[in-house]
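>>> the following block contains a protein sequence and its predicted model.
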Amino acid sequence: MTWSTAFTIARRDLASGFRGLRLLLVCLFLGVGALAAIGSLTSAIERGLATQGQAILGGDLEVEVWQRALNEEETAFLEQYGTLSPGYRLQAMASTPDAAVPIELKAVADNYPLYGQLLIEGQGAQGAPAADAAWLAPGAAERLGVTPGDTITIGTAQLRVAGIIADEPDRLSEGFALGQTVIVAETMPAQAGLVAPGSMFQSKTRIAFTGNADPDAVAEALEERFPAIAFDVRTRNRASPGADRFVSRMGEFLTLVGLAALVIAGIGIGGGVNSYLEARRNAIATFKILGATSSDIARIYALEIGMAALAGAGAGLLAGVLVTPLLASALGSLLPVTTDFVFAPWALVRALLFGLLVALVFAAPPLMRARHFPAMALMRARVSPLAHQWRGAMLPVGLGLAGIVALAVAGSNNPLLSTLFLAGAAAMLGLLALLGWAIRRLSARLPRAANPILRAALANLNRPGAATGALVTALGFGLAAFVLLAGVQSSLDANIQRSVPARAPDYFVLDIPRAEVQQFRQVVAGVAPRASVEVVPTLRGSIVSYGPADRQTVVATMDDREETWGLRGERGLTYADALPEGNAVTSGTWWEQGYSGPPLVSVDEDLAAAAGIAVGDFVTVNVLGVDFTAQVANTRRIDWESLGFNNVWVFSANTFAQAPHNLAATIELPPGTQAGGLLRDLVRAFPSSSVIEVGPILSEARTILDQVSLAILAAASVAVLAGIAVLLGAIAAARAARIYDSVVLRVLGASRGQLLALQFAEFGLLAVVLAGVALALGTGLAWLVITQMFDFDWLPDWTEILAVLGGGLAMVLAFALAASLPLLRARPAQTLRSL
């Protein structure tokens with residue numbers, strides 16, 4: 001039989017629609033639709049980050065340096081490439097007579113913004129404010145209780161509120177904010193005394209190229225021209241590396257979750273194809289009696305299944321494209337993504353290929369089984385069921401699996417992570433399949449129950465053709481994903497709410513003058529006498545070189561490695577006489593109180609191990625253009641969870657005696673302390689200092705966590721829906737046998753209530769099994785994620801976990817009983833005559 005003839009027969013067989021293949025359509029629709037939506041949304045965001053790079057960054061190139069502006073030589077070097085727009089970023093305090101609020105102060109030049117538009121409510125596009133004015137973010141205006149025309153104080157300057165920011169074009173590139181934004185003129189920080197030597201501030205200089213210069217090439221030229229300066233350089237190609245990295249990893253993770261859901265749907269595809277071929281058993285036998293070969297049978301039904309798979313996958317692709325604008329609208333305020341329809345060819349092709357490969361893997365075994373059986377065996381399949389034969393299906397299944405793995409790994413930015421995820425998902429599915437087989441065997445070996453309904457329910461779990469194993473695998477995976485998410489989310493939230501506030505201070509205070517420490521303590525004690533105050537010196541500097549005196553390693557020539565992050569860029573530095581609280585010396589010794597010998601330094605043990613720094617080596621650090629050299633006296637273990645001042649580099653107190661710097665402090669208030677006037681008193685006494693509130697930061701962290709959890713939950717929901725589709729498919733596949741059982745029981749005197757109780761008992765037992773499997777697997781994986789990946793305490797909210805699990809089980813039971821109700825309406829006499 002030619003392919004043309006096989007296609008004609010397949011097309012005629014499907015002329016009335018895809019009756020019998022609806023489960024395959026639904027499963028592919030769900031899986032491919034989820035992957036298409038995830039891929040399209042991720043591509044849209046990445047495209048937005050790439051195409052809007054200039055506006056997001058505020059220039060073609062940005063050069064950032066701590067505690068100083070660019071000098072004349074550096075400025076002259078950059079001016080040859082285009083127009084410069086310098087500015088400052090620092091934490092500050094804005095106040096009125098009635099309120100004081102920590103802010104992120106953004107001082108900009110007159111030509112700000114170089115790209116994009118700064119929109120002000122009621123005023124449209126604007127530039128930098130006047131020297132005596134400020135643009136306020138809505139949150140800052142709300143907390144200060146001010147409106148346009150009112151006056152606020154920042155540092156020693158009185159500023160007029162000129163307007164409220166409606167849209168800040170470069171907000172995304174500024175990163176995580178520790179306060180609401182206030183935009184002022186470039187000269188304002190100096191006039192207010194906020195950028196004195198030693199103060200904690202950043203200068204950011206942005207460049208709009210006048211020609212077609214390559215930003216990466218300019219960045220390399222800058223580093224070659226000034227190799228000793230630790231510039232932080234960003235280009236329009238990577239305007240927001242953090243957002244870019246987050247979107248890429250989150251999209252990849254959601255794609256893998258969607259792929260796992262598609263594999264669950266594959267179980268339904270296999271069941272649907274098996275049921276379809278079972279219903280076509282007589283037609284297949286007739287074809288063979290009339291001379292059709294096994295290859296002819298395979299061609300005909302492979303074409304039918306292929307056309308159905310293309311239809312289901314195509315509908316899924318369309319749904320994924322249509323739902324993307326809705327998802328984009330929910331993220332529009334956070335990320336640069338268009339709400340128009342997005343056509344991402346590679347994302348759609350990848351989703352389609354995943355769907356077709358999964359369909360191949362799960363449809364091949366039943367198709368090969370029907371292909372290799374003789375006509376007589378097919379005719380008597382009702383009394384002699386077809387045996388499973390996997391040998392013929394090994395080649396297509398193997399090719400399909402290899403294609404899935406290759407497609408997942410080849411399209412991944414982190415192939416190792418994708419490989420580990422796929423291996424873990426495969427192991428989990430294998431474990432669930434083994435549990436399903438064990439449950440089926442166990443139910444057959446249990447003693448006969450005295451209650452006839454319970455006895456029949458147990459028998460249904462291990463009867464010939466029962467889908468217990470497939471249901472435990474499909475539904476167990478989806479419900480375990482729900483439990484996993486509930487466990488991770490509730491435990492992370494509990495750590496943030498319980499553990500973090502218990503260890504974190506209430507306030508961080510920056511830029512306290514060294515001569516005014518006692519006054520600072522007195523101001524705090526005047527509002528909160530029992531407050532705990534810790535004061536430490538703070539400096540910023542870049543590591544120039546390290547190693548033995550005669551074999552120094554120059555940091556600028558090193559390859560970037562994640563483990564040596566403490567050597568790159570400008571780092572926070574401090575000095576101390578005593579070992580910081582929560583730290584422990586692991587090698588060498590700590591210097592004595594009042595040490596006055598050659599400068600010494602203590603290094604984090606992990607950084608020392610990664611960089612090869614040993615006790616006795618020398619480290620040179622550049623602070624405000626001056627090199628300081630100290631000898632490594634010891635390495636120490638740092639308690640990073642303390643959320644206090646944790647510094648990789650701690651020097652002896654005499655190291656920076658000549659360097660201008662200020663102090664920083666943490667304030668921890670006793671429970672129940674009313675400190676409403678503390679911020680106002682600190683602002684009045686120390687106008688150049690800035691305060692960071694920990695509470696709002698934790699709230700924002702919880703908000704981000706909730707948004708991420710919601711996205712993962714949406715992807716995991718597809719797995720549960722696919723599992724329910726498998727459940728409905730299993731009920732539909734066993735429809736004839738279940739109707740036969742119901743009719744026989746009705747003839748023997750069973751009431752409809754008893755039949756309904758039988759269905760409820762069967763699926764109730766299955767639900768109990770699923771609950772145990774999902775709870776064990778989900779909480780076990782959540783414990784691993786929390787304790788091993790995040791290194792947090794295991795603090796789950798069992799009420800939330802059980803509620804999520806109970807909701808999922810209730811949904812499964814509801815669908816199962818709803819699908820079983822039609823079986824109760826079968827009339828015994830009519831059904832028995834049709835047998």
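In hand now; what should we look at?

>>> in the sheet, which strands lie alongside the host helix or strand of Val509, parallel or antiparallel?
Assigned by DSSP states H and E, Val509 belongs to strand 507-512. Sheet pairing of strand 507-512 (DSSP bridges) gives strand 662-668 (antiparallel), strand 690-693 (antiparallel).

>>> what does that strand rub up against?
With contacts defined as C-beta atoms under 8 Å, 6 or more residues apart in numbering, strand 507-512 is touched by 91, 194, 198-200, 520, 535, 538, 662-667, 678, 682, 686, 688-694. All C-beta spots, glycine's among them, are computed from the backbone N, C-alpha and C.

>>> ok, now with 6 Å
Residues outside strand 507-512 that contact it (C-beta atoms under 6 Å, 6 or more residues apart in numbering) are 91, 199-200, 520, 662-667, 688-692.

>>> out of these, the closest to Glu570 would be?
Closest to Glu570 out of the contacts of strand 507-512 is Met200 (11.0 Å), distances taken as C-beta to C-beta.

>>> who are the contact partners of the closest one?
Counted by C-beta under 6 Å, 6+ apart, Met200 has contacts Leu510, Asp511.

>>> and it, how close does it get to Arg68?
Met200 sits 12 Å away from Arg68, taking C-beta to C-beta, to the nearest Å as the criterion.

>>> joint contacts of those two?
Counting by C-beta under 6 Å, 6+ apart, no residue touches both Met200 and Arg68.

>>> re earlier: farthest-separated two in the contacts of strand 507-512?
Taking C-beta to C-beta, the two most distant members of those are Ser199 and Ile667; they sit 19.6 Å apart.

>>> okay, the angle between the next helix or strand after the strand holding Val509 and strand 507-512?
Downstream of strand 507-512, the first helix or strand assigned by DSSP H and E is helix 517-527. Relative orientation of helix 517-527 and strand 507-512, computed by axes from the mean of the first three to the mean of the last three C-alpha atoms, to 10 degrees: 150 degrees.

>>> tell me the mean pLDDT over helix 517-527?
On average, the pLDDT along helix 517-527 is 89.

>>> using PDB, write out every CA atom in stretch 530-546.
Below are the C-alpha coordinates for stretch 530-546, written out as PDB (Å, rounded to 0.1, in the frame of the first residue of the first chain):
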ATOM      1  CA  ARG A 530      16.800  49.700  75.100                       C
ATOM      2  CA  ALA A 531      17.800  49.700  71.400                       C
ATOM      3  CA  SER A 532      20.900  47.800  70.400                       C
ATOM      4  CA  VAL A 533      23.300  49.800  68.200                       C
ATOM      5  CA  GLU A 534      26.300  48.400  66.300                       C
ATOM      6  CA  VAL A 535      28.600  50.800  64.600                       C
ATOM      7  CA  VAL A 536      31.300  49.800  62.100                       C
ATOM      8  CA  PRO A 537      33.600  51.800  59.700                       C
ATOM      9  CA  THR A 538      32.700  51.600  56.000                       C
ATOM     10  CA  LEU A 539      34.800  52.100  53.000                       C
ATOM     11  CA  ARG A 540      34.700  51.100  49.300                       C
ATOM     12  CA  GLY A 541      37.800  49.800  47.500                       C
ATOM     13  CA  SER A 542      39.000  47.600  44.700                       C
ATOM     14  CA  ILE A 543      41.400  44.700  45.100                       C
ATOM     15  CA  VAL A 544      44.400  45.400  43.000                       C
ATOM     16  CA  SER A 545      46.500  42.300  43.600                       C
ATOM     17  CA  TYR A 546      47.200  39.500  46.100                       C
END
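
>>> what's that stretch in contact with?
With contact meaning C-beta under 6 Å, 6+ apart, stretch 530-546 is reached by 66-67, 230, 517, 521, 524, 552-555, 567, 570, 573-575, 613, 617, 619-623, 645, 661, 663-670.

>>> ok, stretch 81-99 next?
Against stretch 81-99 from outside (C-beta under 6 Å, 6+ apart): 100-101, 103, 105-109, 111-112, 114, 144-145, 152-154, 182, 186, 189, 201-210, 213, 218, 510, 683, 690-691.

>>> give the buried residues for it.
Of the residues in stretch 81-99, 81-96, 99 count as buried by neighbour count, 16 or more other C-beta atoms under 10 Å.

>>> next: stretch 401-409.
For stretch 401-409, the neighbour count (16+ other C-beta under 10 Å) marks Leu401, Gly403, Ile404, Val405, Leu407, Ala408 as buried.

>>> wait, the last one sits on Ser418?
Yes. Taking C-beta atoms under 6 Å as the contact criterion, Ala408 and Ser418 are neighbours in contact, 5.2 Å apart.

>>> over to the residue nearest to Ala459 when sequence neighbours are not counted. Which of the three states is it?
Closest residue to Ala459 apart from its sequence neighbours, by C-beta to C-beta, 6 or more residues apart in numbering: Ser443 at 7.9 Å. Recorded secondary structure, Ser443: helix (DSSP: H, G, I helix; E, B strand; the rest coil).

>>> quick one: Ser443 from Tyr81, how far?
As judged by C-beta to C-beta, Ser443 and Tyr81 stand 75 Å apart.

>>> same question, Val523
Per C-beta to C-beta, Val523 is found 48 Å from Tyr81.

>>> ok, and the helix or strand in this protein with the lowest average confidence?
Least confident helix or strand, the chain: helix 500-503 with a mean of 56, by mean pLDDT, DSSP states H and E.

>>> re the thing from before, out of the strands paired with strand 507-512, which one sits most buried?
Highest mean neighbour count of the strands paired with strand 507-512: strand 690-693, a mean of 23 (counted as mean count of other C-beta atoms under 10 Å).

>>> what about it, average pLDDT?
The model assigns strand 690-693 a mean pLDDT of 81.

>>> what does that strand contact?
Residues contacting strand 690-693 (C-beta under 6 Å, 6+ apart): Gln91, Ala92, Met93, Pro102, Leu178, Tyr507, Phe508, Val509, Leu510.

>>> quick check: the fourth one is in a helix.
No. When the secondary structure is assigned by three-state DSSP, Pro102 falls in strand instead of a helix.

>>> where in the stretch 301-450 of the chain is pLDDT low?
328-342, 372-392, 411, 413-414, 417 (pLDDT under 70).

>>> re earlier: which PyMOL command selects the buried ones in the contacts of stretch 81-99?
Buried members of the contacts of stretch 81-99, defined by 16+ other C-beta under 10 Å, are picked up in PyMOL with:
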select buried, resi 100+101+103+105+106+107+108+109+112+114+144+152+153+154+182+186+189+201+202+203+204+205+206+207+208+209+213+218+510+683+690+691
